[in-house]
Every structure is written in C-alpha cells, then in structure tokens.
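*Asks:* sharing a model that was predicted from the sequence below.
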Amino acid sequence: MSSKEHESSKAEMLASLVTGQGETNYVGASVQRSHRFPLHLFVKIENMARMGDMPVSLIINDLLEIGLDAAVKELPEDAAKQVARITKDQMERPTVLDKFDTNRLRGA
C-alpha cells in the first residue's frame, strides 16, 4: 500500500474540522470578494461553520477547493491547464495576508 492510500481527502479533512476532530492552519494571500449564495446552500455552510466553531469563510474556501478539484478532474487536459493558469494581471491583483489556525479559535 502506498502512503497515498492512507491520506485523507480534502472532503474528509473538512468533515473532521466540522466535527471538531481535526485541525488546520493556513497562511497565504487572499482576495476580498462579495457573493450571494442560495439560501438552502448557505444554511448548510453556516451550520457546518457553527458545528466546527469556525468562520464561514473557511468552510466556503474548503468547499470551493473540493468542488474545483473534482470539476477540473473531469475537464480535458487543455481545459484543466487553462483553469490552472495564472495571468500577470492575476499575479498583480491586490491581496491581503490571510492567517487561520483552528487551535487558536478553539482555545487549544
């Protein structure tokens, strides 16, 4: 068995955060955006955040990453490369430093 077989998927890691059994930290650049969510989806996102005592933005970011990874796997190779490409404009976009640590939030 390879070590890949024992690695948790991103969805499993998110589930462990929601149930309070996992922990994570993140430091990186982020871009401020405002979006509207269908109520039936946002209620689930908000409930996941409450259960895990985490910011809604963490749940949204993880769900986006999980969904994007799954969708890109279904694309033809050339389309997947276009999705992953970062343009000069995107690199020069103003960002803020984003830090997150579940241990700090939960008082661990």
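*Replies:* Happy to help now that I have it. Numbering: from 1, shown residues only.
*Asks:* from Thr87, how far off is the nearest residue to Glu65 once chain neighbours are set aside?
*Replies:* The shortest distance from Glu65 to any residue other than its chain neighbours is 6.1 Å, reached at Lys10 (Cβ to Cβ, 6 or more residues apart in numbering). Using the backbone N, CA and C atoms, a C-beta is placed for each residue, glycine as well. As judged by Cβ to Cβ, to the nearest Å, Lys10 and Thr87 stand 25 Å apart.
*Asks:* if we can go back for a sec, what's around the residue nearest to Glu65, how many residues?
*Replies:* If you count neighbours by other Cβ atoms under 10 Å, Lys10 ends up with 15.
*Asks:* residues in contact with it?
*Replies:* Going by Cβ atoms under 8 Å, 6 or more residues apart in numbering, Lys10 touches 62, 65-66, 69.
*Asks:* give me the element the spatially most central residue of the chain is part of.
*Replies:* Computing the C-alpha centroid of the chain and ranking residues by Cα atoms, centre = their mean puts Asp62 first, at 1.9 Å. Assessed by DSSP states H and E, Asp62 sits inside helix 56-73.
*Asks:* any idea how far the helix or strand following that helix is from the chain center?
*Replies:* Heading C-terminal from helix 56-73, the first helix or strand you meet, by DSSP H and E, is helix 77-84. Relative to the centre of its chain, helix 77-84 is centred 20 Å away, using Cα atoms, centre = their mean, to the nearest Å.
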